[in-house]
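# My questions concern the predicted model and sequence given below.
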Amino acid sequence: MTNQEVKRKLAAILSADVKRFSRLRSNQDEMWRKNGAKMNRLRLEVGAHNAGVWGITLDPSNRILVTGSEDKTMRVWNISGRGELLRVLRPTIGEGEEGHIFAVALSPDARTVACGGRTGSPKQGDACVYLFDRATGALIRRLGGLPGWVQHLVYTPDGRFLAVVTGEGGGKASWSGMKIFRLPDYTLVAEDRDYGDYVKWVESNPTGSKVAPSCMVTMPLRPGPSRQCPTSGLPGASIHGGSPSRPMAPAWQWDFT
């Protein structure tokens, strides 16, 4: 499947979500505001996300797509044909915003789905990532002890590590950080908390030897591409950029530099 075909299928799957269900959700919210004390909240399965989609990930074959949403679900799709919904994954949720999914990642063997967002309890220093078995939908593990909401996560292409970055806007630097877990047992092998604002993204180079997070402050990459993955040790170097100084995401050049 070509990149253009993948893009068209993604657009077909995702573009109708909010348009199709915004009126339904608006009516449900209005009913809850008026009668919330008198009624139980009913969970409806409508076949697609009914809120914004913040995270997407593809398997290496471009056949399996996973989406994560503010509706507090993840959905697994087979996009090799017409975009078949295979499974709905539901992490632990709470009242209000707890359970919003910002980031999803598929392990390189496509067996494990990792997700995070407003998951866990950062006020207690225990925000978390959930791991699901993609084939069965079973919740298989919780990676806790994260300092803030999960903004992004990525498996290295060699399948050896999972990198997770956390944070929150509004100057909560204490919620910001990066943790790196080594597979298959997800042992914590490296951590970096030296950030001045929340960390928005992390990307691995194609070999899995280095990772580059981006911090929403005056340093576009902190640490930068010379930051080594745990196999080579932390810390690494930082790259200081010019204006604009609030980068969203890094990317690796084809020669990994």
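Cool, the structure landed.

# so where's this protein uncertain?
1-46, 170-171, 216-257 (pLDDT under 70).

# Let me see the contact set for residue 91.
Contacts for residue 91 (CB atoms under 8 Å, 6 or more residues apart in numbering) come out as 72, 74, 99, 101, 115, 119, 130, 132, 139. In short, each C-beta sits where N, CA and C put it, glycine included.

# would you say the first one is within a strand?
When you say that, I think you mean residue 72. No. Using DSSP: H, G, I helix; E, B strand; the rest coil, the secondary structure at residue 72 is coil, not a strand.

# Would you mind measuring from it to residue 83?
Distance of residue 72 to residue 83, given as CB to CB, to the nearest Å: 22 Å.

# try the third one
When CB to CB is applied, the distance between residue 99 and residue 83 equals 25 Å.

# And the helices in this structure, which stretches?
For the chain, the helices defined by DSSP state H cover 3-14, 16-35.

# quick one on the thing from earlier: when residue 99 and residue 83 are compared, which one has more neighbours?
Counted by other CB atoms under 10 Å, residue 99 and residue 83 do not tie: residue 99 has more neighbours, with 19 against 14.

# any idea how far residue 62 is from the nearest residue to the more buried one once chain neighbours are set aside?
If the residues on either side of it in the chain are set aside, residue 99 comes closest to residue 93, at 3.0 Å by CB to CB, 6 or more residues apart in numbering. Going from residue 93 to residue 62 by CB to CB gives 30 Å.

# cool, and residue 117?
Distance from residue 117 to residue 62, by CB to CB: 24 Å.

# Looks like residue 104 contacts residue 68 (just checking).
Yes. Counting by CB atoms under 8 Å, residue 68 is a contact partner of residue 104 at 4.1 Å.

# any common contacting residues for the two?
55-56, 74, 115.

# wouldn't residue 177 be in contact with residue 149 here?
No. Applying CB under 8 Å, one finds residue 177 not in contact with residue 149, separated by 11.2 Å.

# Tell me how far the residue nearest to residue 99 lies from residue 137.
According to CB to CB, residue 93 and residue 137 sit 16 Å apart.

# Include distance to residue 160 when you put the contacts of residue 91 into CSV, please.
Below are these laid out as CSV (distance: CB to CB, whole Å):
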residue, distance to residue 160
72, 30
74, 24
99, 29
101, 25
115, 20
119, 24
130, 20
132, 20
139, 23
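
# I only care about those that end up buried; give me the ChimeraX line for that.
Here is the ChimeraX command that selects the buried residues among the contacts of residue 91 (16 or more other CB atoms under 10 Å):
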select :72,74,99,101,115,119,130,132
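
# From the contacts of residue 91, pick the one nearest residue 192.
Checking the contacts of residue 91 against residue 192 by CB to CB gives residue 119 as the nearest, at 20.4 Å.

# who's in contact with that closest one?
By CB under 8 Å, 6+ apart, the contact set of residue 119 is 91-92, 98-99, 101, 127-130, 149-150.
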